[in-house]
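In: return atomic coordinates for the entry below.
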Amino acid sequence: MTAFLRLGFVLIFATLVLAPLGQMATRLIPEQPLIENRVLAAWPKGLEASHQLVRGASDWFNDNFGLRALLIRIKTQIDYSLFKTSDRVHIGSRGWLFYRSVLDVERPNVEAYLAINSEAVRAGIVALSDAFKRNGIQTIFVLNEMADRFYPEMVPGSALPAKENPRIRQLERSLASAQSIAVVDATAILRETAKSRQVFHKTDFHWNDTGAFEVARRVVALASAAEDKPATIWSHPLSIATQRFSGGIATFMPLLRSPKEDMLVVKPDWPMPPDFRQDPPTGIFEFSIHFPTTGPRLLKPLTILGDSFTDGFTRSGIYLYFSDTYRIRWNQVPKLSVFARELPLETRHVLIQMIEVQYGALLAFADKADIDLAVKTIDERFRAR
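Out: Numbers count the residues shown, from 1 in each chain. So this is what the prediction gives:
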């Protein structure tokens, strides 16, 4: 029996050692790649020092050995299913997931940055919106807080506690006093909406479309008021459906089988005007939507500068109420002077949206030299129209 056990141990050991090598040589077993948000190491080239060659080869092997993705998934699945833990994700109650990087790294970084630069960020936002106002353009500002602000009871004790009065919220409140900015209190809207339905995904860090719908409706109300409409022109009701969904946090872990949820979605059952036209990406614009003949009866053109949260506005039908809608993502405009230079001249409403950990947006607003250039660009371009 002892000899049999020894032989079994040797066979298991040999299999564990040789199987990855065999997989590397043959790729016989299909492997689903991991979502790692990085480039895997390549075989070293042109390295002169022997220690560099050894290190490069080691990095290549660690990233490319056979069955690597499968073994990582098995290990991650065991951690998730048995121990309710993950290196990348906080495992909350009732299926809620939260990025460790967002709660434990990005949010504290924003808090630390605003402790020193809050006034500079505010000054940049106000200067930009003042320039828009004197040129006949309304600025609407939307700040999105993360899901843990609305569902703190679902956050595990492993997460860094969220501050009760974060500096990003203080910044938002201070902007509300500026005469040139219409601030949408998305947090208040979502808290009220959350009393009757879920407003964030469990397996993804975005709000769901039914939450975005209520904030989009408020944006249209503010734009309607700016154009002296008797009331908001928003007319289509909210129609809700559910879909099975496994969000970005769930697929980021990674697991053999990612958890899923029944997400709430907005059913796009509104009538589409016959003159609807959507133009493809061009320059800094992700897309633009136009209603050439029905436009005169709609609100004047809207340009949206935001992150992925504004996708919920589009799926909620916000574009139905503006003659033209232009969509730009933050990662397409590292400098706000670029945004000012490319802003369509017909724009009459600018929607600036950012999540509370949008560090790049804060840096852009605090860049006084670039803000000064953006203001100058706005004045020159729009006064000459």
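
In: any idea which helix is longest in this protein?
Out: helix 107-134 (DSSP state H).

In: strands of the stretch 201-350 of the chain, start to end?
Out: Secondary structure of the stretch 201-350 of the chain by DSSP state E, counting those that start in this stretch: the strands cover 240-245, 261-266, 277-279, 285-290, 302-306, 324-329, 349-355.

In: quick one on the thing from earlier: show me what counts as buried in the longest helix of the chain.
Out: Buried residues in helix 107-134, defined by neighbour count with 16 or more other Cβ atoms under 10 Å: 107, 110-111, 113-114, 117-118, 120-122, 124-132. The way it works is simple: take the backbone N, C-alpha and C, and place the C-beta from them, glycine included.

In: and what of stretch 254-274?
Out: Residues of stretch 254-274 classed as buried by neighbour count (16+ other Cβ under 10 Å): P254, L255, S258, P259, E261, M263, L264, V265, V266.

In: got it, and stretch 375-385?
Out: Residues of stretch 375-385 classed as buried: V375, T377, I378, F382 (neighbour count, 16+ other Cβ under 10 Å).

In: who are the packing partners of the one helix or strand the first one maps to?
Out: For V375, the element it lies in under DSSP states H and E is helix 368-383. The contact analysis (3 or more Cβ pairs under 8 Å, 6 or more residues apart in numbering; DSSP states H and E) places helix 368-383 against helix 107-134, helix 336-342.

In: now the angle from that helix to helix 107-134?
Out: 30 degrees (axes from the mean of the first three to the mean of the last three Cα atoms, to 10 degrees).

In: let's number from 46 now, not from 1
Out: All set: I'll call the first residue 46, so the last point we hit is now helix 413-428.

In: how long is stretch 283-292 end to end?
Out: 23 Å (Cα to Cα, to the nearest Å).

In: give me the most central residue, this protein.
Out: Nearest to the centroid of the C-alpha atoms of the chain, with distances taken as Cα atoms, centre = their mean, sits S353, at 4.0 Å.

In: state the helix or strand in which the closest residue to V147 other than its chain neighbours lies.
Out: Leaving out its chain neighbours, the residue that sits closest to V147 by Cβ to Cβ, 6 or more residues apart in numbering is V402, at 5.8 Å. Using DSSP H and E, V402 falls within no helix or strand.

In: now swap in the one 4 residues further on and tell me
Out: Secondary structure assigned from DSSP H and E places A406 in helix 404-411.

In: list the buried residues of that helix.
Out: A406, L407, L408, A409, F410, A411.

In: good, we can wrap up now.
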